[in-house]
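1. Structure, please.
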Amino acid sequence: MHPAIARDFENWCEKQNTKYVLEEAAIIFESNIAHRFDKVILVTAPDDLRMQRVCLRDSAEPEAVRERMRNQMAEEKKIAMADYIIYNDNVRMIAPQVVEIHLCIFNRRA
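-> The predicted structure is shown next:
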């Protein structure tokens, strides 16, 4: 992340009157910035589903998406590094997972 954006976010965080704030950081592990955060929540999905979604979203060819995915950190490695996992797999409902994580984080800070 650009240093000016990071400073702006830090300044914004200091002004918040909440138990916690969230920051979206898609490549947190690849960028080696996980240490900046108290906890990391990873949203994950099976590779085939991720590929389908990217092809649909970007009108991309499957082979181009597979190539991008090969250049990314393995999902299993990110799962092992994350503190909390949200499975966006079209099987498990997302809202209960988010509520459970919220309660874990909120109750630790209470």
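
2. and the lowest-mean-pLDDT helix or strand in the chain, how far out from the chain's middle?
-> Lowest on mean pLDDT, DSSP states H and E among the helices and strands of the chain sits helix 3-14, with a mean of 89. Helix 3-14 sits 19 Å away from the centroid of its parent chain (C-alpha atoms, centre = their mean, to the nearest Å).

3. and the next helix or strand after it, which strands flank it?
-> Next helix or strand after helix 3-14 toward the C-terminus (DSSP states H and E): strand 41-44. Neighbouring strands of strand 41-44 in its sheet, by DSSP bridges, are strand 84-87 (parallel).

4. Kindly export the partner strand (C-alpha atoms) in PDB.
-> Provided in PDB are the C-alpha atoms of strand 84-87 (Å, rounded to 0.1, in the frame of the first residue of the first chain):
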ATOM      1  CA  TYR A  84     -10.100 -16.200  11.000                       C
ATOM      2  CA  ILE A  85     -11.500 -17.700   7.800                       C
ATOM      3  CA  ILE A  86     -14.700 -16.900   6.000                       C
ATOM      4  CA  TYR A  87     -15.600 -19.700   3.500                       C
END
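
5. got the buried residues for that strand?
-> 84, 86-87 (16 or more other C-beta atoms under 10 Å). Bear in mind the C-beta positions are built from the backbone N, C-alpha and C, glycine included.

6. ok, now stretch 37-45?
-> Buried, per 16+ other C-beta under 10 Å, within stretch 37-45: 40-42, 44-45.

7. And stretch 23-41, end to end?
-> 10 Å (C-alpha to C-alpha, to the nearest Å).

8. which residues touch residue 54?
-> Shown in contact with residue 54 (C-beta atoms under 8 Å, 6 or more residues apart in numbering): 60, 65, 68.

9. The second one in helix, strand or coil?
-> With DSSP: H, G, I helix; E, B strand; the rest coil as the basis, the three-state label of residue 65 is helix.
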